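>>> just a sequence and a predicted model for now, questions to come.
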Amino acid sequence: MLFVKLKDDTHLRFYLIDGHTHIGKEEVIEFGKKTYRTNLPNQILDFFTRLQFNLLRDMKKNPDYFHFLPDDPFVRPAGFIGGISEEISKDRFTGYLVDQFVTFPFNDVKATETVPQFQIPNDMILKRQQSPPFFSRMLGFVRVNPLDGESACKEILRCAELGARGLKLHPISQRWVDNVLDPRVCAVVITALNARMPVIFDCRFLKTAEDIYQLHEKIKKDVKNPNYGIILAHSGMEFNSDSLYQILNDPHLYGDTSGMRSDDVGLFFKKFSEAAPQTWSNNVIFGTDFNYFTIPQATDLLEYLFSEDLFNKIHLNPAEIQRVLAGNLMKILPPLDIFSSNSLDNVFQPPIQMRIIDVHLYSVTEPLAVEITRMVGKIYGNKSKKQEFDYISFDPFVSANGGFVDHTSFIAHIITQSASNTRFLLCLALPFDGGFGQKPDSIPPADHSENSLQNPSNPSNATNRLTEKTSELLEIPLSLPERFTYLVGLFDCNMPLSGLNLRVRDSENPIFKYLNETIPRDSIQIITQSDILPTILQNLLNT
Ligand SMILES: [Zn+2]
């Protein structure tokens, strides 16, 4: 997590997810000679560490360029991730500037060894996602070749059952860039979206972006999962085109930032925010494409996002930055689910499907909540070392439209491969206090009707909107209340966790509603000192 402050000393933090990295091994031609590109999860984390040093160095060296200044400390892990890493890997793998990262196979050397293709690299990704020390940070996407037809769809479902978080498609590498609307491509996209996996396409041309838009128009009636997303990697790369921004403004389409450099970064934000001033930030996802692209592109992107220039040009607010850095991706990436990912059943029936094993309520401040999550992480790290379970996921909560990531609230899914029903840990800042979390972000959900694309040539309109935006900013819940009711609980669950919008922090969340009606408030324990935490947490988590 990144900690910055404004020049008036307002402290802000941002949760970061890199939505685009690769691991594995791929054949490439360099200077006419055959060689290999390889990458591993620990190299991705080293890359985040270098990125952190670059950003800090430049923010210190050139404070006038930035709208934000580095806070002290500049980077810290989210509590649970920090606790787990401390215990499992003695903090050897850091890179905590970026909390979690999506990773998928290269066009791997082993991809064509199986029918359907990519089974070997897919298994490698799923295995890495499920092993220490990366399990709480890595979001494993798999890859198929749609031209494999029916068997590619079966491969997607096989991977979904094993916990795949999304699907990567590469029209150029798999040679169907001229046939994006092929029925086989449509079939794999529908299969993935209905298994609640977002789909990311390599998309480096406007023509491909247009084809993906058409594909989405064609298939959307067949998508049963309401919170789905299709990501255009590299955002089409033809940043001068006006029609690109109309495509990206579709509520289910997203552009990732990977590969943008220098002036293109400013051009992209300027043109998109002019085309869709109220909604652009709902449709952009931070991604680096490491290790195709490395430090220069990622640095340019992050530095411009925090720059005075961008702030002055589009009156960027922190909620918009948070959406780009993680919130948008979190909305379309449901909590980790295995064994039940093919079910689209989304009727929530506690206590039949969700049974409370043990729940405790504490009254805490944010630093104490962070300390609780760190200790919970340590206890689970220790249990993982003793092989009491196979792996554990980490899915933080996000506000209804992505502008606030609550790093103290998360679902951690404890997976034992042999058991079919599934236990999860919920750490949650409850909305019992003064409606906290009930209010969605102030910026309205995207109105994507024809008229919502604003005419950028009308400056008086733009000024009005800026004023509106400034007053709305005050309403945005960007931080937790000073003291709040915090729940740490264990649950048994025999329903698809991913079927409900369980990680969204608002009154629509059925878990909030259920807990609100079920949990007696008279047992809230007020905590003022962290030294009593280890004992109470050990007792709770050892049940
Ligand atoms: Zn890539």
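Noted; the coordinates are in hand.

>>> okay, CA-based contacts and neighbour counts for the rest of this
Fine.

>>> export stretch 95-110 as PDB, just CAs?
Taking Å, rounded to 0.1, in the frame of the first residue of the first chain, the C-alpha atoms of stretch 95-110 are listed here in PDB:
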ATOM      1  CA  GLY A  95       7.500  -5.200  -3.200                       C
ATOM      2  CA  TYR A  96       4.700  -3.900  -1.000                       C
ATOM      3  CA  LEU A  97       4.100  -0.900  -3.100                       C
ATOM      4  CA  VAL A  98       1.800  -3.200  -5.100                       C
ATOM      5  CA  ASP A  99      -0.400  -5.300  -2.800                       C
ATOM      6  CA  GLN A 100      -1.600  -7.900  -5.200                       C
ATOM      7  CA  PHE A 101      -0.900  -8.800  -8.900                       C
ATOM      8  CA  VAL A 102      -2.700 -10.500 -11.700                       C
ATOM      9  CA  THR A 103      -0.400 -12.900 -13.600                       C
ATOM     10  CA  PHE A 104      -1.000 -15.100 -16.600                       C
ATOM     11  CA  PRO A 105       1.100 -17.300 -18.900                       C
ATOM     12  CA  PHE A 106       3.300 -16.000 -21.700                       C
ATOM     13  CA  ASN A 107       2.800 -17.600 -25.100                       C
ATOM     14  CA  ASP A 108       4.600 -20.300 -23.300                       C
ATOM     15  CA  VAL A 109       7.000 -22.800 -24.800                       C
ATOM     16  CA  LYS A 110       4.900 -25.600 -23.300                       C
END
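
>>> distance from it to the middle of the chain?
Centre-to-centre, stretch 95-110 and its host chain are 13 Å apart (CA atoms, centre = their mean, to the nearest Å).

>>> remind me which residues of the chain are low pLDDT?
Along the chain, segments meeting pLDDT under 70 span 338-347, 420-421, 432-477, 499-501, 543.

>>> the domain parsing of it - what is it?
As assigned by automatic domain parsing, the chain contains the domains 2-332, 354-439+479-541.

>>> can you list these in CSV and add distance to Phe348?
Converted to CSV, the domains of the chain look like this (distance: least, CA to CA, whole Å):
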stretch, distance to Phe348
domain 2-332, 15
domain 354-439+479-541, 7
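
>>> in TSV: those domains, plus mean neighbour count.
Formatted as TSV, the domains of the chain follow (neighbours: other CA atoms under 10 Å):
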stretch	mean neighbour count
domain 2-332	20
domain 354-439+479-541	19
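
>>> the residue nearest to Asp390 when sequence neighbours are not counted and Asp178, how far apart?
For Asp390, ignoring the flanking residues on the chain, the nearest one in space by CA to CA, 6 or more residues apart in numbering is Thr416 at 5.1 Å. Between Thr416 and Asp178 the computed distance is 43 Å (CA to CA, to the nearest Å).

>>> then Phe74?
46 Å.

>>> who's Val4 bridged to?
Leu12, Pro70 (DSSP bridges).

>>> roughly how far does it sit from Gly236?
Val4 is 31 Å from Gly236, by CA to CA.

>>> kindly report the same for His407.
32 Å.

>>> now do Phe205
5 Å.

>>> what about the helices in the stretch 101-250 of the chain?
119-129, 150-161, 183-194, 206-219, 242-248 (DSSP state H, counting those that start in this stretch).

>>> turn those into CSV, including distance to Pro41.
Below are these laid out as CSV (distance: least, CA to CA, whole Å):
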stretch, distance to Pro41
helix 119-129, 8
helix 150-161, 19
helix 183-194, 24
helix 206-219, 29
helix 242-248, 30
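
>>> Phe101: which of those is closest?
Proximity to Phe101 (CA to CA) singles out helix 119-129 among the helices of the stretch 101-250 of the chain, at 10.5 Å.

>>> CA atoms of the closest one as PDB?
C-alpha atoms of helix 119-129 as PDB (Å, rounded to 0.1, in the frame of the first residue of the first chain):
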ATOM      1  CA  GLN A 119      -2.900 -26.700 -19.900                       C
ATOM      2  CA  ILE A 120       0.700 -27.000 -18.700                       C
ATOM      3  CA  PRO A 121       1.300 -23.200 -18.100                       C
ATOM      4  CA  ASN A 122      -2.300 -22.900 -16.700                       C
ATOM      5  CA  ASP A 123      -1.500 -25.600 -14.100                       C
ATOM      6  CA  MET A 124       1.800 -23.900 -13.300                       C
ATOM      7  CA  ILE A 125      -0.100 -20.600 -12.700                       C
ATOM      8  CA  LEU A 126      -2.700 -22.200 -10.500                       C
ATOM      9  CA  LYS A 127      -0.100 -24.100  -8.500                       C
ATOM     10  CA  ARG A 128       1.900 -20.900  -7.900                       C
ATOM     11  CA  GLN A 129      -1.300 -19.100  -6.800                       C
END
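
>>> next, the angle helix 150-161 makes with that helix.
10 degrees (axes from the mean of the first three to the mean of the last three CA atoms, to 10 degrees).

>>> for helix 119-129, packing partners?
strand 100-105, strand 138-143, helix 150-161 (3 or more CA pairs under 8 Å, 6 or more residues apart in numbering; DSSP states H and E).

>>> who touches that helix?
23-24, 103-105, 108, 110-111, 113-114, 134-136, 138-143, 155, 159, 162-164 (CA atoms under 8 Å, 6 or more residues apart in numbering).

>>> next, the angle from that helix to strand 138-143.
170 degrees.

>>> from the chain's centre, how far out does helix 119-129 sit?
Taking CA atoms, centre = their mean, one finds the center of helix 119-129 at 20 Å from the center of the full chain.

>>> please tell me how far Gln246 sits from Ile88.
The value you get for Gln246 to Ile88, if CA to CA is used, is 46 Å.

>>> what do you get for Leu310?
Leu310 is 40 Å from Ile88, by CA to CA.

>>> now do Gln43 against Ala78, distance only.
On the measure of CA to CA, Gln43 and Ala78 end up 20 Å apart.

>>> swap that for Val488, please
For Val488, the distance to Ala78 - CA to CA - is 16 Å.

>>> before we move on, what about Phe286?
Taken as CA to CA, the span from Phe286 to Ala78 is 18 Å.

>>> and what of Phe272?
Applying CA to CA to Phe272 and Ala78 gives a distance of 31 Å.
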